[in-house]
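Novice: Build me a model:
(2 chains)
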Amino acid sequence: MYTGEGYGLTRLEKIVGLARANSIWPLPFATSCCGIEFMATMGATYDLGRFGAERLSFSPRQADLLMVMGTISKKMGPVLKQVYIQMAEPKWVIAVGACASSGGIFDTYSVLQGIDKVIPVDVYVPGCPPPPEAILDGIIKIQELIKTESFRRRESDEYQKLLTSYGIE
Amino acid sequence: MSDKVENGLIESLLKEQFGDAIRSVEESYGMLDIVVKREKIIEIIQWLRDSSLLSFNFLTSLCGMHFPDNKGEELGVVYHMHSFANNKRIRLHILFSISDPKVPTVTGLYKTANWMERETFDFFGINFTGHPDLRRILNMEDMQYHPLLKQYPLEDGTRTDKDDKYFGR
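Specialist: Predicted coordinates for the structure are as follows:
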């Protein structure tokens, strides 16, 4: 009988995906009440750390996940885009709450009608504001995306086209 | 001091000093509201500030207003003044045509008027002649209109997820 340590076979892509998905460094871009819900999500009761996203990155250079939480005014739009551009690939974006997703109740001249007008978004979390459970659900959705993403997605023409459509690069 | 300076006294002093420049005087909720001629506004505010008895040494607020149905006097500017010495507040306002949106600046008397006049310019398009730095302050610099003028809709025109038949537009 063989009593050694043993080994398993898998694809490198899957291992890397697993590692990335469970060590997300989120950048909280919190502008209003959704940000308060996010603070509860980070707190002991809900504890985002359980999903490997313990360490918030307040610098876009080291962040993997941009979490936009709250109303983004049109004046803030270029700032948000700049933060997105400064993040290194691979990067993901989650729009938390009605305002970040669509402008929410602020259907007015000064408010950006959803952040997908300026940057590409991977996951939308509904709610006004969404409870911590919903934000966790969004994070888990992002983890699924990260786990199953192809190595070459970021080099694909489709991805480049997406960025170009937002005027990035 | 405060028992000395009553609304009636302020009214009679102003009328004695400026005569015809005082168009009308009203009192609501114990606060004087004085409509004055635009040409005399700086003179009157300076007199109220420099009078040793009244000493309205603080400009609490300055803002614009727009009444499209008030033909010939569609636009207005409201000045709230406060006297610390007498614990007294008064309100002055001027009315003028939208075809001639020019008002002399009070930045020479109160430094605080700088940003308030910029805001009024931003939202109502009122030009404060003599202002040291009259540019937009709250809205995006490339905005093409003055959003609080009532001919413009409050809603953002770029919104795509609202169907008019459900939202009564």
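Novice: Would you mind pulling the contact partners of stretch A:123-133?
Specialist: Contacts of stretch A:123-133 from elsewhere in the structure, counted by CB atoms under 8 Å, 6 or more residues apart in numbering or on different chains, are A:33-34, A:36-38, A:40-41, A:45-46, A:69, A:92-99, A:101, A:104-105, A:134-135, A:137-138, A:141-142, A:145. In short, each C-beta sits where N, CA and C put it, glycine included.
Novice: Now, of the residues you listed, which are buried?
Specialist: A:34, A:37-38, A:41, A:46, A:69, A:92-99, A:101, A:104, A:134-135, A:138, A:142 (16 or more other CB atoms under 10 Å in any protein chain shown).
Novice: Now, those residues that are in helices?
Specialist: A:34, A:37, A:38, A:41, A:97, A:98, A:99, A:101, A:134, A:135, A:138, A:142 (DSSP state H).
Novice: In terms of distance to residue A:6, which of those residues ranks first?
Specialist: Lowest distance from residue A:6 to these (CB to CB) belongs to residue A:142, with 32.2 Å.
Novice: Please report the distance of that closest one from chain B.
Specialist: In this structure, residue A:142 and chain B are 23 Å apart, going by CB to the nearest CB, to the nearest Å.
Novice: Please apply the same query to residue A:157.
Specialist: For residue A:157, the distance to chain B under the criterion CB to the nearest CB works out to 26 Å.
Novice: Just the helices from the chain, written as ranges.
Specialist: You didn't pick a chain, so chain A it is. In chain A, the segments counted as helices under DSSP H are A:12-21, A:33-42, A:77-86, A:97-102, A:132-148, A:157-165.
Novice: look at chain B instead
Specialist: B:7-18, B:41-50, B:113-124, B:164-167.
Novice: Run the chain-centre distance for the first one.
Specialist: It stands for helix B:7-18. Relative to its parent chain, helix B:7-18 has a centroid offset of 20 Å by CA atoms, centre = their mean, to the nearest Å.
Novice: Likewise for the second one?
Specialist: Here the centre of helix B:41-50 is set off from its chain's centre by 14 Å, with CA atoms, centre = their mean.
Novice: what does that helix contact?
Specialist: Contacts with helix B:41-50, where a contact means CB under 8 Å, 6+ apart, come from B:14, B:17-18, B:21, B:36, B:54-57, B:59, B:77, B:79, B:81, B:90, B:92, B:94, B:103-104, B:106, B:108-110.
Novice: can we see that at 10 Å?
Specialist: Residues lying outside helix B:41-50 but in contact with it, judged by CB atoms under 10 Å, 6 or more residues apart in numbering or on different chains, are B:10, B:13-14, B:17-18, B:21-22, B:34, B:36-37, B:40, B:54-59, B:77, B:79, B:81, B:83, B:90, B:92-94, B:103-106, B:108-110, B:113, B:130.
Novice: Please, a PyMOL command that selects the buried ones among those residues?
Specialist: Taking 16+ other CB under 10 Å as the burial criterion, the selection of buried members of those in PyMOL is written as:
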select buried, chain B and resi 10+13+14+18+21+22+34+36+37+40+54+55+56+59+77+79+81+83+90+92+93+94+103+104+105+106+110+113
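Novice: So which of the contacts of helix B:41-50 sit within strands?
Specialist: With strands defined by DSSP state E, the entries of the contacts of helix B:41-50 inside them are B:22, B:34, B:36, B:58-59, B:77, B:79, B:81, B:83, B:90, B:92-94, B:103-104.
Novice: What parts of chain A come near chain B?
Specialist: Chain A has residues A:73-78, A:101-103, A:106-114, A:117 near chain B, with proximity defined as CB under 10 Å from any CB of the partner chain.
Novice: and among the helices of chain B, the most buried is which?
Specialist: Highest mean neighbour count among the helices of chain B (mean count of other CB atoms under 10 Å in any protein chain shown): helix B:113-124, with a mean of 21.
Novice: which other helices and strands contact that one?
Specialist: Packing contacts for helix B:113-124, counted by 3 or more CB pairs under 10 Å, 6 or more residues apart in numbering or on different chains; DSSP states H and E, involve strand B:58-66, strand B:75-83, strand B:102-104, strand B:127-129.
Novice: Next, format those strands as a markdown table and append distance to chain A and mean pLDDT.
Specialist: Formatted as a markdown table, the helices and strands packed on helix B:113-124 follow (distance: least, CB to the nearest CB, whole Å; pLDDT from 0 to 100):
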| stretch | distance to chain A | mean pLDDT |
| --- | --- | --- |
| strand B:58-66 | 15 | 95 |
| strand B:75-83 | 19 | 95 |
| strand B:102-104 | 24 | 94 |
| strand B:127-129 | 21 | 94 |
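Novice: Please tabulate these in JSON lines, including the columns distance to residue A:59.
Specialist: Output for those, formatted as JSON lines (distance: least, CB to CB, whole Å):
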{"stretch": "strand B:58-66", "distance to residue A:59": "40"}
{"stretch": "strand B:75-83", "distance to residue A:59": "44"}
{"stretch": "strand B:102-104", "distance to residue A:59": "46"}
{"stretch": "strand B:127-129", "distance to residue A:59": "41"}
